[in-house]
Each structure stands twice: as structure tokens, then as C-alpha cells.
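Undergrad: have a look; sequence and predicted model below, questions after that.
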Amino acid sequence: MSKDTETKVVELTTEEAPKTVEQLKAREAELDQLNESLIKEMQEREYEIDFKTKKVFDKLLKFLEKDAPWGHTTATGLIMLYHNLREAKELVKEKDFKGLIPVRSTSVTILWQMVTKMTGTGFYEAKSFVELMANVGESLSEAVQKVQSDNQALRDNHSELAKVQQEIDRLNVEGPSAE
């Protein structure tokens, strides 16, 4: 059920850099198109998180449902994460459930933020948290690192796009004599 998580290799300018405004605008259009496809792909990409057991999955889902802290910048993320995990509830019910849940890339980051902000009171809540982290922590940490690595292609494309736009602006200001 998990989607292919290989990162696309993005080849940026290996040929001679464009010299005219027209060439730069064509390159800008290419980079804009690449940006759109990278964003769409990242929104759909999933990473498997190993919850080990149904009990661990249910415990985390209950935490997100009842006790997860949120603020004006995290409310939407919590809602997306909760819905992503609720969609996987059917997988957990299967007899041959092996603990693996596909989580969309944006939800991976949000899940990491939520888990690292978990707090509680008393021995039993502390024990429950330690058990959760023992089961999910390594798998989640690896998924977060993979998401960050996969996002590098988008960052590289943004950087190249900014350079092209700066060059277009420079040529527009300086005029044709700059060519």
C-alpha cells in the first residue's frame, strides 16, 4: 500500500546558463512546472511508520483525539494527521496487521512535532509515553529524516528559480545593453 518513496533526481543547469530575458523566462516556466510536480508528488507520498501493535496505534490515536496540544499554527496539521491515521484504522483491524501504517509526508512531520510535545502527569502516563516512544520512535525518526531528504529537491528547485528570477530582474533593469 505504501507508495514509492524514491526521491526524483533533479538536474538543474548543466548546460550553459540562459542569456536573454526570453531564455530566462522559458527556464522560469520549466522550473515553475517542476515545482508544481514536486509539490504534488510530496503531498501524495507516504512513509511507513511501524507502530508494532494495534494497542500502540490506538493509544497514539486516542492521544491525538483527546490530549494533543495545539495552537493557531498547529490546529490544521493536527486535523490532517488525525484524518490520515483514521484512514489507516481499517489496516489495524486486519488479522495480519504487522504494525506498518502509511503516513503522508506532511503528517509525518506533524506526528513528530506532536509526539515530541507530549506531556503528562504521574507514573502511568510516563510509562505509557516511554512505551509509545520505544515502539514508534525509531521508525518515526527515520521517516522524518527521509521526508527532510526528499524535500531537498524542492529546496534546490526554489533556489534555482530565485536565481533565474533575479537574473530576469537584473536584465530588465539594466536593459538590452547588459546582454
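TA: Looks like it came in fine. Since the structure is predicted, the reported quantities are computational estimates derived from the model, not experimental observations.
Undergrad: quick one: residue 119 is in a strand?
TA: No. Judged by DSSP: H, G, I helix; E, B strand; the rest coil, residue 119 forms no part of a strand; its state is coil.
Undergrad: now name the helix or strand holding residue 125.
TA: Taking DSSP states H and E as the criterion, the element that holds residue 125 is helix 122-150.
Undergrad: show me where this structure has strands.
TA: 46-50, 100-104 (DSSP state E).
Undergrad: looking at those, which is nearest to residue 124?
TA: Among the strands of the chain, strand 46-50 comes nearest to residue 124, with 24.1 Å by Cβ to Cβ. (C-beta placed from N, C-alpha, C; glycine too.)
Undergrad: helices or strands up against the closest one?
TA: Contact here means 3 or more Cβ pairs under 8 Å, 6 or more residues apart in numbering; DSSP states H and E; on that basis strand 46-50 packs against strand 100-104, helix 105-116, helix 122-150.
Undergrad: switch the cut-off to 6 Å
TA: strand 100-104, helix 122-150 (3 or more Cβ pairs under 6 Å, 6 or more residues apart in numbering; DSSP states H and E).
Undergrad: nearest approach to residue 71 belongs to which of the strands of the chain?
TA: Smallest distance to residue 71 across those (Cβ to Cβ): 21.5 Å, for strand 100-104.
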